[in-house]
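> Here is the input, now give the coordinates:
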Amino acid sequence: MNLSDGEDLAFRATVIGERYDVFRNTVRLALAMLANEGATTSAPRRGTFVRDRVMTTYHASWAESRDRMASDQSDAYRAEVDQQGREPSYENFEMRIVEASADLAQRLGGDEGDSLVCRAIERHVDGEASSLQDSYYTMDIAQECGLITPRDIAKGTIRAMADKGYVDEITTRMPSPDEARKLGLGTGTPVLVYARTTYTNERPLRLTLTIFAADRNRVVYELGDLTAYPGDQ
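Alright, predicted model coming up:
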């Protein structure tokens, strides 16, 4: 039996209502509310499931430091997730040449329409999509650092570049349809947009835009004297 999304929801509401002696409309409203809050996910002909609330922590102040783990030859994000006892993986890597929008040109100190190298990846944790990351480089920097290659760089691009500092910008918004599909987001679940611009003393080197699923990620900054800091709770 093939059911549309609406028919499938009505069917589940009927089953739940009969089981717990609750009006079907009450069940439908409750299921819709939970879906809007991102607390549940539904699969046609399978049912409604409670989402796993395990959060992945991204330490923004040191996760990409070149000196954080001199002995660690994996990239920074993989090391970050490994430390939390989780299983990181990457999928659907892309390298493409794009034209700089007005925003990208302003952030990278170039002109609108300039050619940029974009390296994009989908990042998963424990088999579930966690974030989408696009990094943009001016053509000369990409050529100098060997980034114009249609494959991922095992050691991470941060170790292929001599970065000196960075500026971060964090905002939230609702996801685009494509982002919601790739991240498997429930209706009403926002995304956290993390923009990091990396600089030398002379110029911007790269812009990295990371779209985090807000229901399974948190960003932590650790600044100043942390002698008494107990770490993650």
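> Is the spatially most central residue of the chain within a helix or a strand, and which one?
Geometric centre of the chain, nearest residue: Ser131, 1.7 Å, by Cα atoms, centre = their mean. Following DSSP states H and E, one finds Ser131 within strand 128-138.
> What is the very next helix or strand once past that strand packed up against?
Next in sequence after strand 128-138, counting helices and strands by DSSP H and E, comes helix 139-144. Applying 3 or more Cβ pairs under 8 Å, 6 or more residues apart in numbering; DSSP states H and E, one finds that helix 139-144 contacts strand 115-125. The C-beta positions use only the backbone N, C-alpha and C, and glycine is treated the same way.
> Contacts for the strand it packs on, please.
56, 77, 81, 86-100, 104, 108, 110, 129-139, 142, 147-148, 152, 157, 182, 216 (Cβ atoms under 8 Å, 6 or more residues apart in numbering).
> And that strand, what's buried?
By neighbour count on 16 or more other Cβ atoms under 10 Å, the buried set for strand 115-125 is 116-125.
> Which residue ranges of the chain form strands?
For the chain, applying DSSP state E gives strands covering 40-43, 47-50, 56-59, 88-99, 115-125, 128-138, 165-173, 191-199, 204-213, 217-220.
> The closest residue to Arg203 other than its chain neighbours: neighbour count?
Nearest residue to Arg203, sequence neighbours excluded (Cβ to Cβ, 6 or more residues apart in numbering): Gly109, at 5.8 Å. Gly109: 14 surrounding residues under other Cβ atoms under 10 Å.
> Let's see the ChimeraX selection covering just the buried ones among the contacts of strand 115-125.
Applying 16+ other Cβ under 10 Å to the contacts of strand 115-125 leaves a buried subset, and the ChimeraX line that selects it is:
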select :56,77,81,88,95,100,104,108,110,129,130,131,132,133,134,135,136,137,138,142,147,157,182,216
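> Now for the residue nearest to Met55 when sequence neighbours are not counted: which residues touch it?
Nearest residue to Met55 in three dimensions, chain neighbours excluded: Arg218, at 5.3 Å (Cβ to Cβ, 6+ apart). Arg218 makes contact with 55-58, according to Cβ under 8 Å, 6+ apart.
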